[in-house]
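Engineer: Predicted model and sequence below, questions to follow.
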Amino acid sequence: MAHLNNSFGARFGLEYAPTSFLLRFGRREMFVCRDFRKRYYRVNPVIDCSTGVEAGHLEVLLMKKWLVILSRAR
C-alpha cells in the first residue's frame, strides 16, 4: 500500500518546490517534483539518470521537466 505524504521538510532540499509529492512503498520512497535546478551538462531530452544528493538516492529526470528521486524510507 502506498502512503501519500506532503510534509517532507528539508530532507531532499526541495521543500520550496511547487507541485511536489512523496509516495512511500514499504521501505522505499519516491519523491516527484518539477525540476528547477540549473543543469551544467547536456541533458537527455527523454530520460536522464544520475546519483542523488545524498548517498543511496537515484535521480531520474523525465522530459527535462519532472524530477523523480528514489530512496530508502527513514
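Structural biologist: Now that the structure is in, tell me what you want to look at. Keep in mind it's a predicted model, so treat the numbers as computed, not measured.
Engineer: where in the chain is pLDDT low?
Structural biologist: Residue ranges of the chain with pLDDT under 70: 1-18.
Engineer: redo that, cut-off 90
Structural biologist: Where the chain drops to pLDDT under 90, the residues are 1-22, 34-45, 51-56, 72-74.
Engineer: what ranges do the strands span in it?
Structural biologist: 2-5, 21-25, 28-34, 47-51, 58-62, 66-72 (DSSP state E).
Engineer: Adding mean neighbour count and distance to Tyr41, write the ones you listed out as a markdown table.
Structural biologist: Heads up, the C-betas are built off the backbone N, CA and C, glycines and all. Listed next are the strands of the chain as a markdown table, based on neighbours: other C-beta atoms under 10 Å; distance: least, C-beta to C-beta, whole Å:
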| stretch | mean neighbour count | distance to Tyr41 |
| --- | --- | --- |
| strand 2-5 | 10 | 31 |
| strand 21-25 | 14 | 27 |
| strand 28-34 | 17 | 19 |
| strand 47-51 | 13 | 9 |
| strand 58-62 | 16 | 11 |
| strand 66-72 | 17 | 15 |
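Engineer: would you turn the ones you listed into CSV with distance to Tyr40?
Structural biologist: Shown next, in CSV, are the strands of the chain (distance: least, C-beta to C-beta, whole Å):
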stretch, distance to Tyr40
strand 2-5, 31
strand 21-25, 27
strand 28-34, 19
strand 47-51, 12
strand 58-62, 14
strand 66-72, 16
